[in-house]
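>>> Sharing a sequence plus its predicted fold:
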2 protein chains.
Amino acid sequence: MSKNWLDEIKFDDNGLVPAIIEDAKTHEVLMMAWMNREAVEKTLSRRQAHFYSRSRGKLWLKGESSGHVQKVRKISLDCDGDTLLVSVDQKGGACHAGYRSCFYRKLSPAKQWKAAGKKLFDPDKVYGKISS
Amino acid sequence: MSKNWLDEIKFDDNGLVPAIIEDAKTHEVLMMAWMNREAVEKTLSRRQAHFYSRSRGKLWLKGESSGHVQKVRKISLDCDGDTLLVSVDQKGGACHAGYRSCFYRKLSPAKQWKAAGKKLFDPDKVYGKISS
């Protein structure tokens, strides 16, 4: 019998693996977050991205507050087996600050981080006054 | 005076930040590796991706053995300030296993990791018998 696919993922000392989320069609990188074994399993079985919050110490479904869920199209593993790439259809924006991608700040020639692109939504309206 | 751009990056307890490397034109995710402050500085000043090897405990220039350097076009920072996205022109392949992207293994419907795409080069010829 072949090895279980989950056993081929190298989780770190905290039982976590970084997961890069990209748009399945454009390949735009949307965010990076951490998954534990349970999050990886649920991401596949429910076809929706789940993560493990290090600050809250619990599993979360991306979009559980905002509705901005990520429908999973493909999961890739890197050569070292310690990073995942998840290709998704993103509903709304991935970023809690209102942008499609969390990587909306670009380094300018003057060495300053400048927000680029426009906001898709108002975080206060989607998440309430305390955005998270 | 505005804040130094490096001070806005949140390095972890080990002084490291994950850096996702994408193809500047196609947005294909090529690899993920770690940078310390010096690696980030050199990546910008030399316009070539530098990383910090956790196993070897030292800075390295991507392509120093293989010649497969990454010319830096853009650096982005995520909303939390704890992950970088570096857009590059990749010479040759990013992956030491011979593929263009390190994420060449895809999860099949039968839940097995299957190599997809073709190798660009023979790792033994590029890196010597012990590929690294």
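Looks like it came in fine. Residues are numbered from 1 along each chain as shown, chains lettered A, B, ... in the order given.
>>> and the helix ranked longest in chain A, what other elements does it pack with?
Longest helix of chain A, by residue count under DSSP state H: helix A:37-45. Judged by 3 or more CB pairs under 8 Å, 6 or more residues apart in numbering or on different chains; DSSP states H and E, the packing partners of helix A:37-45 are strand A:17-23, strand A:50-53, strand A:58-61, strand A:70-77. The way it works is simple: take the backbone N, C-alpha and C, and place the C-beta from them, glycine included.
>>> If we go by neighbour counts, what in the longest one is buried?
Neighbour-count burial for strand A:70-77, counted by 16 or more other CB atoms under 10 Å in any protein chain shown, picks out A:70, A:72, A:75-77.
>>> of those residues, list those near chain B.
A:75-77 (CB under 8 Å from any CB of the partner chain).
>>> Show me what the helix or strand of chain A with the lowest mean pLDDT is packed up against.
Least confident helix or strand of chain A, by mean pLDDT, DSSP states H and E, is helix A:123-127 with a mean of 87. Packed against helix A:123-127, as judged by 3+ CB pairs under 8 Å, 6+ apart, are no other helices or strands.
>>> Could you give the separation of it from the chain centroid?
19 Å (CA atoms, centre = their mean, to the nearest Å).
>>> Put the alpha carbons of that helix into PDB.
Only the C-alpha atoms of helix A:123-127 are listed here, as PDB (Å, rounded to 0.1, in the frame of the first residue of the first chain):
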ATOM      1  CA  PRO A 123     -13.500  45.800   6.200                       C
ATOM      2  CA  ASP A 124     -15.600  47.500   8.800                       C
ATOM      3  CA  LYS A 125     -18.700  46.500   6.900                       C
ATOM      4  CA  VAL A 126     -17.600  42.900   6.400                       C
ATOM      5  CA  TYR A 127     -15.900  42.100   9.700                       C
END
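>>> show me what contacts the residue nearest to A:V69 when sequence neighbours are not counted?
Spatial nearest neighbour of A:V69, excluding adjacent residues (CB to CB, 6 or more residues apart in numbering or on different chains): A:G63 at 3.4 Å. Contacts for A:G63 (CB atoms under 8 Å, 6 or more residues apart in numbering or on different chains) come out as A:48, A:69-70, A:91-92.
>>> so which of those is the most crowded?
A:Q70 (27 neighbours; other CB atoms under 10 Å in any protein chain shown).
>>> Isn't that one up against A:K91?
Yes. Using CB atoms under 8 Å, A:Q70 is in contact with A:K91, at 7.3 Å.
>>> any idea which element the residue nearest to A:V69 lies in?
Using DSSP states H and E, A:G63 sits within no helix or strand.
>>> What's the local residue count around A:E64?
By other CB under 10 Å, neighbour count at A:E64 equals 11.
>>> For it, grab phi and psi.
phi -60, psi -30 (degrees, to the nearest 10).
>>> residues contacting A:S101?
Per CB under 8 Å, 6+ apart, neighbours of A:S101: A:28-31, A:93-95, A:117.
>>> restrict these to those near chain B?
Answer for these near chain B (CB under 8 Å from any CB): A:28-29, A:31, A:95.
>>> Let's see if you can find the most crowded of the residues you listed.
Busiest of those [other CB under 10 Å] is A:M31, holding 28 neighbours.
>>> Tell me the residues of chain A that contact chain B?
A:2, A:4-5, A:8, A:18, A:20, A:22, A:26-29, A:31-32, A:44, A:74-80, A:83, A:85, A:95-97, A:99, A:102-107, A:111-113.
>>> Restricted to helices, list those residues.
A:L44.
>>> so where's chain A uncertain?
A:1-2, A:129-132 (pLDDT under 70).
>>> and if we set it to 50?
A:131-132 (pLDDT under 50).
>>> follow-up on the earlier one: what's next to the least confident helix or strand of chain A, contact-wise?
A:65-68, A:92, A:96-98, A:131.
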